[in-house]
Structures are given as structure tokens and as C-alpha cells.
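K.L.:
After the sequence you'll find the predicted model.
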Amino acid sequence: MNKISYSFSYHNGLQFNFSNNKKLLIDGSTTKISPKTTSIVSHAHSDHFSVMNSNIPTYATQETIDLYLCQKTGNTRGIFHPMRFNEKFELETDFDDLEVTLVSSGHILGSASILLELAGKKILFSSDIGGKGLLTIKEPLAKPEVDTLIVEATFGSPEISFQPREEISMDILKWAANAIKEKRNVVISAGRIGSAQELIKLFNDFTNLRVITHGDVSPPSEVYKKHDINLEFKDSKSDEGREIVKSGEAVIIQSRERKIVPYFLSEHIKYRSAIVTGMASRFSYKDFDASFPLSSHASFDELLDYISKVTPKKVFTLYGFEKKLAKAISNELQIPAIPLKDKSLEEGLENLVEIPHLKKTQNINLLTEKPLLPEEQQKKPSLQKDKTLDDFFRKR
């Protein structure tokens, strides 16, 4: 009997195990992998692409491959198979009819959700999905109707709310304009892939201000240009970039990983600093003059809207606020939902195609309409203190 078992961990990623010992690993976070494994990488953020530095076949969009390579120093062992959006391909498993399709997740350049089709059923792993109104997304967020959805819950809590993206963008532009009026340059720290390019595009499209990219923001911005996203900027180390910085009236965009303003800026110019991150909706950043909750991730309301359009029969949540999002999906959308790492799943989601017998621990079949256990039967209340948002993100 052909079988598929399923496992997930924060350390290894999302894995499907086939009865002929072959494996499919999605967004693997380790390079210690069985040689019979095939991997798929959804997008080029570092918490998703570690597997690309292993010597197993990896499927991803060409944009994701290029963004990964621009972040690497030295040689890479990756064996890459570039795929286009909506192009179906088959994997070498013991299931002849297993088809895989990458569809746009609308998050960053080349980001994809992974659609698996098997035995007439559809399973979708959303990966990170983007919110509405992103300026650098060529392909809109795809919302295929599926039987089972595995969705990331980065901002999956109703307590986290954002203003409309257009309002936050205008706040950033107004703040920057006021700083320029004070004869100060503007230094903005943002995610180097996704948010940084959104900011470049925002200032390009709506102001006459010159944009300078610093450090590791420049290489991915060049990849965006290579893939026909029109961005205008100068690198801070170029002669022209340095002259613009000295003359003032410039917007300097640096990676959020940098905790201080570069020495050549702080010593020679006056400036105002800001940080751009979705976390600004929840935390204060005292080291910056301003903070703005602009994110390339979907908000809580956008996640629920996405799930309602995908119309799954059941949903599994992972990363971030898994429990709160699962509860909201169950209560507000009336769709059975459970966190993927729930203790009731500790034996793995076994036998996705057939369930030969029931075990003491509830088996969950992603390919049938067998209902999930009621929430009160899934897990006893925990006496442990709930983890904070920082706890989740330090692990990724």
C-alpha cells in the first residue's frame, strides 16, 4: 500500500515522507538531509532557504534563486531547478499522479505558495503571504480553492492591527519630508529583502528625493531591477552615492540588522532615523526617532480574508500566533483549524492517502474530510507561560 506520512519541526521544516524512502522537504532549515530528498523553497528570506546550501535538488522560482545567491559569499552546493508560477511539475515518488505547482504568495519578489495535488485532493502550503497594496509585487497573491491549507501565522493575532498600507506609507513620506525640511538626511532601517525595495519604490514613485542604499540592501535591490521592478537608487559606497549623502536631501535605506547608523553618515551629516517593521505595531523602538508598522506580511484581517477565499475544509497554522489564528479561523470562518505543532499531532500526520487503522493518538488525514477533534479534546490547558512574539522570532 502506498502511503505518505508527514512531519514538521521548527528545526527541519515541512516534510512529506513517501513509502519508497523518498522525501519532499519544504522550506528546510537544515543542510543535514537524506540524499533521497527533494526540496522546494518558497522564497528568499533566510529563515526559509537554508536547504539551498545542500547538495540535493531544490525547486524555486528564478527570482528566489537569484535573491538567495546574492546573499551568499563563496561557493554554494545547491542544485537548483528554476520554476515559473503556475507551471505544474511532477516529483519522483511512488505516486505517479503527485503534481506540484508554485503559485504567487504576494510577499516578496518571486515568493511562492506550494500547491500539492494528489488523488484528486489539493494541499496548499501558503508560506508567508503578502498584504494588499505592495508596490513591488508583479504577480498578485494567488487564492486557489483547496481541500487543506497549511498557513503561516506571523501576524495571526487579532490584537495586532495595522492602519491601511496607504496611510502608513503617507506617514512615512510626511515624516521624511519634515526631516528634509530641517536640512537633515533620512536614515531608514528595514528588512533588506522586501521592505527595503518597497521603500525605494515608494520614494521613487511619490517624491523627488534621491534614494541611497547601504550595505546588504544594494545586492537584492539589483536583483529586483534584473527582474523588471523599476527602482532608482545609488549605493552608499559609490562616488555618486557619497556625494549625494554629503549634499543632503537624501533617503538612506539600510538593513534592519544594523543597529547603528554607519559611521560615515553619523560623522558627516545630520539625520533623522526610523525603523520600518510590522513589529512597530506592538513594540516601541527607543533608539530611533520614529517607527512605522509597514510590513510585507499579511495582517490578521488579511489572513482571514485569504483563508476565506481559499475555502479549505481544514486548516493547519504554523509560525507566530498559531493558536490564536487557529481559534479565529474556527470561530469566525467556521473552518476546523489547529496549530500544526499541537501535541495531538506528535506522531505525525500519518497515512494521508489511506488510514488502515486508528491509533490511540488521533490521526489526521489531510486528503479526506474527516473532522478534527473539538478544541477541548485536542490539548489540555497548559500551565506554562505563553511565549512572547520575541520568543517566536528568535527561533526563526
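P.N.:
Thanks, I have it. Numbering: from 1, shown residues only.
K.L.:
So residue 315 belongs to a strand, correct?
P.N.:
Yes: judged by DSSP: H, G, I helix; E, B strand; the rest coil, residue 315 forms part of a strand.
K.L.:
How much space separates it from residue 338?
P.N.:
Distance of residue 315 to residue 338, computed by Cβ to Cβ, to the nearest Å: 8 Å. Heads up, the C-betas are built off the backbone N, CA and C, glycines and all.
K.L.:
shared neighbours of those two, anything?
P.N.:
residue 326 (Cβ atoms under 8 Å, 6 or more residues apart in numbering).
K.L.:
my read is residue 151 is in a helix, agree?
P.N.:
No: judged by three-state DSSP, residue 151 forms no part of a helix; its state is strand.
K.L.:
That one - how many residues pack around it?
P.N.:
Other residues within reach of residue 151, judged by other Cβ atoms under 10 Å, total 29.
K.L.:
For it, which residues count as its bridge partners?
P.N.:
In this entry, residue 151 is beta-bridged to residue 317, by DSSP bridges.
K.L.:
wait, what's in contact with it?
P.N.:
126, 129, 303, 306, 307, 315, 316, 317, 318, 325.
K.L.:
Next one: residue 50 from residue 310, what distance?
P.N.:
27 Å.
K.L.:
Those two: which has the busier surroundings?
P.N.:
Set residue 50 next to residue 310 and count neighbours by other Cβ under 10 Å: residue 310 wins out with 21 against 17.
K.L.:
And residue 60, its phi and psi?
P.N.:
phi -160, psi 170 (degrees, to the nearest 10).
K.L.:
close enough to count as contact, it and residue 52?
P.N.:
Yes: under the criterion of Cβ atoms under 8 Å, residue 60 makes contact with residue 52 at 7.5 Å.
K.L.:
Name the residues contacting each of these two.
P.N.:
Common neighbours of residue 60 and residue 52 (Cβ under 8 Å, 6+ apart) are 41, 68, 80.
K.L.:
Show the buried residues in the residues you listed.
P.N.:
Buried members of the shared contacts of residue 60 and residue 52, counted by 16 or more other Cβ atoms under 10 Å: 41, 68, 80.
K.L.:
which SS state does the second one fall under?
P.N.:
The reference is to residue 68. helix.
K.L.:
Show me the strands in the stretch 201-350 of the chain, by range?
P.N.:
With DSSP state E, counting those that start in this stretch applied, the stretch 201-350 of the chain shows strands at 210-213, 234-235, 250-255, 271-276, 290-292, 314-320, 337-339, listed in chain order.
K.L.:
Show the end-to-end separation of stretch 230-238, please.
P.N.:
End-to-end distance for stretch 230-238, by Cα to Cα, to the nearest Å: 20 Å.
K.L.:
can you check stretch 124-141 too?
P.N.:
Counting by Cα to Cα, you get 13 Å between the two ends of stretch 124-141.
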